[in-house]
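A.B. asks: need a structure here:
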Amino acid sequence: MLNDTLAGGTPPAIDTGSLIKDTTTASFRQDVLAESMHRPVLVDFWAPWCGPCKQLTPVLEKVVKEAAGAVALVKMNIDEHPSIAGQLGIQSIPAVIVFQKGQPVDGFMGAVPESQIKELIGRVAGPVQDPIEAALADATALIEEGDLAGASEIYAAILEQQPDNVPALAGLAKMQLDAGEVENAKRVLAMVPEAKANDPALAGIRAALELAEQAASLGDLAGLQRAVEADPDAHQARFDLALALAAHGERGQAVDHLIELRRRDKDWNDDGARKQLLQFFEAWGVMDPDTIRGRRKLSALLFS
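C.D. replies: Numbers count the residues shown, from 1 in each chain. This next block holds a predicted model:
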């Protein structure tokens, strides 16, 4: 499974040729006005002799590519095609005018910084999202929908571009772990560079991996249940049962057994029940529903 995942291809590239183009007076209506009915179009008015234009245009192209189709960029050389700039009252360049639904709606003059261009696009088309961040969000959504193969392909594509991307490595490792492939999960985590080994994004998967290894060394689940039923004060058996239940996806029951163990003997194993609950919560994630319910139960016990 791991080898297949890492062999996955990159997602289809956006056709930047259709998003970034030069226009003329004759093609302005089609390239700008018609296109602006579908998405905002930034028109970059420039000239070959304009130094600030040469600084601004590459930044515009970069931001438009990152916007991944949310906007288009059309460039117009005013030396060759001056009439449109004249009609719009443009007195100096560089000048960028945004057209939307066939009308000029926003813009700026001068070689502004990248952040200001992103703010402009945010006003007319919504915030510009980094393509890697967007891909990570897509992978998370696919996992929630049960499309693990699709999520794996996205993670693999991200890692082809950024081999040290920690969220992608963590997501791929978690998928391996959820599939019961503990060794493959370890192999993915081994790809994390030493400089990023303590990244907070890895805390949850490392905790989950530790839990999986602990659960693998436990006894039979049914046997542990019988031991606790026979002796409710068999604390080690109850503790092991909680780990085993968590490993089998019975998180609610796992929490309940550790809460009961802590209620019976808060000092057992150096407050081991509470510490194990905290490890569960770290492995499951702060916003996981089982974490939220478990924290409420633990708080009720601690402050009752």
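A.B. asks: Can you give me the neighbour number for the nearest residue to Gly102 once chain neighbours are set aside?
C.D. replies: Spatial nearest neighbour of Gly102, excluding adjacent residues (CB to CB, 6 or more residues apart in numbering): Leu33 at 4.9 Å. (Glycine included, C-beta is placed from N, CA and C.) Neighbour count for Leu33, taken as other CB atoms under 10 Å: 14.
A.B. asks: do the same with Ser152
C.D. replies: With neighbours defined by other CB under 10 Å, the count for Ser152 comes to 23.
A.B. asks: Which strand or helix spans it?
C.D. replies: Assigned by DSSP states H and E, Ser152 falls within helix 148-161.
A.B. asks: if I pick Leu120, what's in contact with it?
C.D. replies: With contact taken as CB atoms under 8 Å, 6 or more residues apart in numbering, Leu120 is in contact with 42, 96, 98, 106-108.
A.B. asks: please redo it, this time with the cut-off set to 7 Å
C.D. replies: 98, 106, 108 (CB atoms under 7 Å, 6 or more residues apart in numbering).
A.B. asks: Tell me if I am right that it is in a strand.
C.D. replies: No - Leu120 is assigned helix when assessed by DSSP: H, G, I helix; E, B strand; the rest coil, not a strand.
A.B. asks: coming back round to it: tell me which strands and helices the helix holding Ser152 is in contact with?
C.D. replies: helix 2-6, helix 131-145, helix 166-178 (3 or more CB pairs under 7 Å, 6 or more residues apart in numbering; DSSP states H and E).
A.B. asks: Any buried residues in it, and which?
C.D. replies: Buried residues in helix 148-161, defined by neighbour count with 16 or more other CB atoms under 10 Å: 148, 150-159.
A.B. asks: cool, stretch 249-257 as well?
C.D. replies: Under the neighbour-count criterion of 16+ other CB under 10 Å, stretch 249-257 has 250-251, 253-255, 257 buried.
A.B. asks: tally of neighbours for Cys53?
C.D. replies: Other residues near Cys53 come to 21 when the count uses other CB under 10 Å.
A.B. asks: Please identify the helix or strand for Leu245.
C.D. replies: Taking DSSP H and E as the definition, Leu245 sits inside helix 235-247.
A.B. asks: Just the C-alphas of that helix, formatted as PDB.
C.D. replies: What follows is helix 235-247, C-alpha atoms only, in PDB (Å, rounded to 0.1, in the frame of the first residue of the first chain):
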ATOM      1  CA  HIS A 235      -6.400  -2.100  38.000                       C
ATOM      2  CA  GLN A 236      -3.800  -3.300  35.500                       C
ATOM      3  CA  ALA A 237      -6.300  -5.500  33.700                       C
ATOM      4  CA  ARG A 238      -8.700  -2.500  33.500                       C
ATOM      5  CA  PHE A 239      -5.900  -0.300  32.200                       C
ATOM      6  CA  ASP A 240      -4.900  -2.900  29.600                       C
ATOM      7  CA  LEU A 241      -8.600  -3.300  28.700                       C
ATOM      8  CA  ALA A 242      -8.900   0.400  28.000                       C
ATOM      9  CA  LEU A 243      -5.900   0.300  25.700                       C
ATOM     10  CA  ALA A 244      -7.300  -2.700  23.900                       C
ATOM     11  CA  LEU A 245     -10.700  -1.100  23.500                       C
ATOM     12  CA  ALA A 246      -9.200   2.100  22.100                       C
ATOM     13  CA  ALA A 247      -7.200   0.000  19.600                       C
END
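A.B. asks: Lovely, talk soon.
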